[in-house]
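J.: sharing a sequence plus its predicted fold:
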Amino acid sequence: TVDFQTLLRQPSVMHLRPDPAFAAHNNNARGHMNINTMTTYFTTDLDGSGQVVAVADSGLDEDHGDFGTRVVGNYDVIGDGSTADRHSGHGTHVACTVLGDGFRGGYGGVAQAAELYFQAMENDNTGRFQSPSLNNLLNTAYNAGARTHTNSWGSSAASEQSKYNSETEDVDDRANYFDRYYSGRDGLTILFAAGNDGPNSGTVSPPATAKNVISVGNHKNRYSGSPDVMMSGSSRGPTEDGRIKPDLVAPGGYVRSCRAQEATDTGSSTWTNSYYLEYTGTSMATPNAAGAALMVREYLEEVAQRPSPQGALVKSLLVLGAQDIGSRDIPNKDEGWGRINLRNSLAPPGGQGIWVDDRSVMSGTGNSKSYSFNVTQSSGLFKVVLSWSDERGSRFSTAQLVNDLDLEVTSPDGTVYLGNDFANGRSTTGGTADDINNLEVVLIDSAAQGTWTVMVKDSQHSGSKTQPYALAVLGHGVNDLRPDPMVVAEDFEMNVAIPQVDDQVQLSTTFFNFGNAKADMFPVVFEVDGVEYDRRTIELGAGSSKAIVWPWTPVASGSTILSFVLDPDDDLEEIRENNNRLDVQVNVTAPGVKLETATPIQVLTSSESSTTSWNVSLTNTALLSTNASMQTGNVLHVESGQTLPWYIGSTDSNFTMEGQASESIIVTLVHPSPPAPGTYRIDLLALDVDNGVDYPLNLDLVVPELPDARLAFDYDVVPVHPSEPTNITVRFYNDGNAPMGYDLFLEAPTGWQVGFTNLGSEAGAISGSTGLIDNEAFRSVGLTFTPPQVMTAAGAERIVKLTAVSQTEESELEVFEIPIRVSTVREVLVDIESTIGTVRPESSLTLRYSLEHKGNVDLNLQPSFEVPSGWSVATTLEVVELPWATSKNLLYTLEAGSNARSGTIKLNFDNGSTRFTWEGTVSVEILPEPTLTFVSLELQDGTSFTTPEGSGTHPSGVNLRFTWLLSNEAETRWSPSASLLADTGLFGECVPVESVGKGDVSPVVCNVLIASSMAPMAEPSFTLVLNDAGVERSTTVGLLVAPNEQVAWDIGAVPVFNTGQERQVTVEITNTGNMPLQRQVVAEVPEDWAISFASADIVDLAVGQSSLVRLNIRADAPGTASISLNLATSSATDASFSFNVSSSGEPIGTSGDSGLNSSLMAVAIAIILLAAVFAIGAQLRRGKGRSQTAMIAPKAAPLPFQVRPAPTAVQGASSPSPSIAPPMCWSCRQPITTSMQGCPSCGARYHADGFNGCGAQNLPACANCGGPTSAFVKA
């Protein structure tokens, strides 16, 4: 023993588990089918032990845990190299439903001790099923020991629904083949899912439409209404030729079973945990039915001890116990014959028994066999099911039944019930025999007591072989556990046709147990004319047979009775006692001539052979010499009884023979190559001419189905594409001697993939079946050749092998070679890696292209462009060398002219015979075409001008309103923003501009202010810029600053005056203009007020300077008055300034009392005038050369002026100049001191009189804005 902990530490141990307890189950399906009851019903458990089931499905999670060590095989059958269940986990779920033991969590399958042989059909690369040759699939599974084969898949094509195709042909052929028990085969039960395309009728998918399979629909397994509710999605019958499908239904709705741990696409499950999940469909119902089929087979072998039960018998028993769902209406297109109930099939309640037979055959039309059953209790159920694995039909036929057997059941009162003649779910009378289905049922709800006769009739035997069938009967008094051995009369054989005295003769007899229980050891006696000659002891299992060879030497000529007797002492309890003896009468001849051959039966093995020969010996068995001869009869086709005119030749025919002498003769038959299948017999007759004794000998030529395949296609060498799949159709001929099918297998060259396109449910499989092909006919077979991922050079040759294996008794293999040659492909993929976008006129576009050579020859490519109008190619286009299987990047630059248009750009690459083209669309932006036209200049005082020069100069310190009209000649609307770029000392802004479409006009208004401090005759300029979406329009306006005399006044505190009191008031005068200011200040006072200057009354101010003017003011009378100060002869707008004064007190006398009498006033005036003259003279001397206005002398001697320094100029205003500089000519850049002309668009000035050769009339256009000289005006 090993310590448990030590065992767990072993690295080779994946998991440990106890022996499974098969009672552990939690899948409702077992209960619905009464699996739980039947598992322990008999003395031996029915748990699938000793049974191998083959599951063909997607893949298998072999180490899930619920399979234990019971996986005996797991094979990839489509050639993708994997058996994993990586997608939905469908195959693992299905296999576990059949036989999982629930180790991981209690959701056990049906036959929990069965062994699994798995065939993986899913391509892991695509997740798609691919069906290989079904003939090969079933053969492989059978050869591996599987006797039940379940398939939860079918054709996905809606066009195939209800049809009989080549796959159904294969399935029917294999089921028929394996059910021929007389050839030593064990039987194979094949199940297919009906499909999930319900609830419409005619939706069963092939291969479930095959006759010999159990086609399974699904009913609800879990939740409300189960199990007596059909699932809506379950496919419905009938088939295209009207057969009942599905055959049965099983639990398929919401079935919980194993979850493949590697599955990644389980989203369609309706419940899940770590190890199990819940799926719905006929895919789930079919493995449940397969589990029940395994238990039926186990019952037959272990309980009833019937060896090698036919698949048809398993089918009959499942139908025997099937339970109608809902109202009584079986058979129908939804449930077929009902839902599976294993208890009803194997151990029906109420004391009823079952009886079966699957060892009987029908060999020709009109044959029949009857069975009698003594029903011991009235009012009980009596049910009979007949099923047979029919020979395969043809996809080209409208009716698929080949051998039409009929079931007739006669009641004790003589009423006859025909198979499948039903009404309201039970048998009725008055109908006709079924000639469509190969499964027939008679169901009597209340059977009368007495003898019921069951007859199986061969109504139409169209097949080439004997037809075995399976019968299952249920009723009271039907005993299934007694043996019934019998002698099979048809199997008696003697090795010579007519024995002679003293011949060593061998006799062969077959004994068969017709009952359902084993016949233990019992004697068998061989008697000659009633005298025991030999005795043997044998035992026979239920349904089994045994052949015995008896040696016998005749001792006298004449008629002899040979008898074979079973249980001669009647010690064995049997169902019947009247079938234990066989008597055969044999004629024994006296010595004479005798014909013998070592090979009386020859089998033709070659379809090309046209002759067959036998070596025959003619012997004189007497002691005396005699004359002898040999005669040849006709050629007889045994099966049809037809005599054929074939030539029979022999080396000699007449002989003189000594006693005991022998002669050798060669008999040769000339026949077609090959003849049709069958046995061809030649009757030879030896004559003892002297003694009148003859001796016959039959020579048989057995011609089996001889395959002879031929492949034809329309090429000596098939051209194939180096990078894409190539599809061709070949013609596969059957030149054999009978209709037959072939399994085809493809072998691809290294790196290549090949597959069939029209064989199997899905395209791409490397194996497939042709289905039945008539002799001397062909089937078109589609092939696809997929090249390696690495490019193959042009001209490379490879060989694809197609192996054909005949679907005959002795399969023959033939290999065909299909030569392929890689075609020359000049294929270049031209792609662009740049984004073209929208391009503006007068711009360039650089494009990056990639060239991928997908061909297999080197190329030299000449590029060329096709471009829209207005485009040009800027790059030199050189030849591109492109070896095969390479790529290259290229850069090309295109230029868009001012008139470039949108359109298609094509880049072509030519190699002399082939052109490769890239084509794209380029969009050229349609730009606005704005035009700006000057309209007016408006001064602040309302004066307006039609040119930007205005009057010739531009006043500073006031608003200048410039207006243009904006228009657009293009279709694209333009919504510009307006801005000003102004020289120092200019200020301005523009009013927002409205968008303009084609033909629209919108004003552009800008307000400009020249700084008051800017020097007169300065020439600043500003530029109006309109911009939108990269389109810009601008215009520059030159200004000529006009002289501007301006002042600002500021007065300090004004005191309150008392009459007669003189007070001083200070007024500040600031030169705010752009030129020096020299003016006399003149005061105006009202009557009764007197004023005098305490300082000079002449102001002399530079630009920006200020001075204080002090005024002595006296009031002579009380009251309020306004005093005005004026700058004499000033043009300033603020040349006058006024302020109010007020006084209080008593008036001061009259004018003479003012303190200044008339004489004194006159003297004062004289003195003032004299001083003014002197002052003016002095001023003129100081400012000689100035052009300023002369000042007026003050009334009194002035106080010194207080002049404030000028503040710093704002915005870089020009410093004041003592003289005004003349404007500059924009052409010669010399001052203009004579007449001038100006541009009305921008204000630029030019000489008008040809000064020093410079004149406006000589210019082509304005040097500043490009305006026409014809529009110049006098400035």
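T.: Sure, I can see it. Computed from a predicted structure; not experimentally measured. Residues are numbered from 1 along each chain as shown.

J.: for the residue nearest to A900 when sequence neighbours are not counted, grab the count of nearby residues.
T.: Once flanking residues are discounted, A900 sits nearest to G870: 3.5 Å by C-beta to C-beta, 6 or more residues apart in numbering. C-beta: built from backbone N, CA, C; applies to glycine. G870 has 17 neighbours, counted by other C-beta atoms under 10 Å.

J.: tell me the contacts of G870?
T.: P841, A896, G897, S898, N899, A900, R901, V924 (C-beta atoms under 8 Å, 6 or more residues apart in numbering).

J.: quick one: which of those residues is most hemmed in?
T.: A900 (24 neighbours).

J.: quick one: mean pLDDT for stretch 983-1001?
T.: Mean per-residue pLDDT for stretch 983-1001: 94.

J.: what comes up buried for it?
T.: D983, G985, L986, G988, C990, V993, V996 (16 or more other C-beta atoms under 10 Å).

J.: likewise for stretch 867-881?
T.: Neighbour-count burial for stretch 867-881, counted by 16+ other C-beta under 10 Å, picks out V867, P868, G870, W871, V880.

J.: what about E919, how many neighbours?
T.: 12.

J.: swap that for G79, sorry
T.: 19.

J.: find the nearest non-adjacent residue to T757, please.
T.: Per C-beta to C-beta, 6+ apart, closest to T757 is G782, 3.4 Å.

J.: same check, this time on T1269
T.: Using C-beta to C-beta, 6+ apart, the nearest residue to T1269 is L1259, at 5.1 Å.

J.: with D700 as the reference, measure out to W1089.
T.: From W1089 across to D700, the span is 170 Å (C-beta to C-beta, to the nearest Å).

J.: what residues does stretch 934-951 touch?
T.: Applying C-beta under 8 Å, 6+ apart, the set of residues contacting stretch 934-951 is 955, 958-965, 1003, 1035, 1037-1038, 1040, 1042, 1238-1243, 1245, 1273, 1275.

J.: same thing but at 7 Å, please
T.: By C-beta atoms under 7 Å, 6 or more residues apart in numbering, the residues outside stretch 934-951 that reach it are 955, 958-965, 1037, 1238, 1240-1243, 1273, 1275.

J.: can I get the buried part of those as one PyMOL selection?
T.: The command below creates a PyMOL selection of those among the contacts of stretch 934-951 that count as buried (16+ other C-beta under 10 Å):
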select buried, resi 955+958+960+961+962+963+964+1037+1238+1240+1241+1242+1243+1275
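
J.: okay, and which of the contacts of stretch 934-951 map to strands?
T.: Taking DSSP state E, the ones among the contacts of stretch 934-951 that sit in strands are N959, L960, R961, F962, T963, W964, L965, V1037, G1238, V1273.

J.: now, among the buried residues of stretch 983-1001, which is nearest to A285?
T.: Closest approach between the buried residues of stretch 983-1001 and A285, by C-beta to C-beta: V996, at 77.9 Å.

J.: and the closest one, bridged to which residues?
T.: Beta-bridge partners for V996, by DSSP bridges, are W974.

J.: so who does it touch?
T.: Counting by C-beta under 7 Å, 6+ apart, V996 has contacts P930, L966, S967, N968, R973, W974, S1002.

J.: also T838?
T.: Counted by C-beta under 7 Å, 6+ apart, T838 has contacts S923, E925.

J.: how much space between it and E925?
T.: Distance from T838 to E925, by C-beta to C-beta: 5 Å.

J.: what's the answer for L248, then?
T.: For L248, the distance to E925 (C-beta to C-beta) stands at 74 Å.

J.: same drill for these two, tell me which one is more crowded.
T.: With neighbours defined as other C-beta under 10 Å, L248 and E925 compare such that L248 has more, 25 against 18.

J.: that one contacts H219, doesn't it?
T.: No - with contacts counted by C-beta atoms under 7 Å, L248 stays clear of H219, the gap being 10.1 Å.

J.: shared neighbours, those two?
T.: With C-beta under 7 Å, 6+ apart as the test, L248 and H219 both reach R339.

J.: hang on, the earlier thing: going through the contacts of V996, which ones are buried?
T.: Members of the contacts of V996 classed as buried by 16+ other C-beta under 10 Å are P930, L966, S967, N968, W974, S1002.

J.: okay, the fourth one: pLDDT?
T.: At N968, the model reports a pLDDT of 94.

J.: residues in contact with it?
T.: Here N968 is in contact with P928, E929, P930, W974, V996, G997, K998, D1000 (C-beta under 7 Å, 6+ apart).

J.: if we go to 10 Å?
T.: N968 makes contact with 928-931, 974, 976, 995-1002, 1031 under the criterion C-beta atoms under 10 Å, 6 or more residues apart in numbering.

J.: okay, and the beta partners of it?
T.: Counting by DSSP bridges, the residues bridging with N968 are P930.

J.: point out where the stretch 1151-1275 of the chain drops to low pLDDT.
T.: Applying pLDDT under 70 to the stretch 1151-1275 of the chain picks out residues 1151-1221.

J.: could you do the stretch 351-500 of the chain as well?
T.: Residues of the stretch 351-500 of the chain meeting the criterion pLDDT under 70: 480-481.

J.: much appreciated, bye for now.
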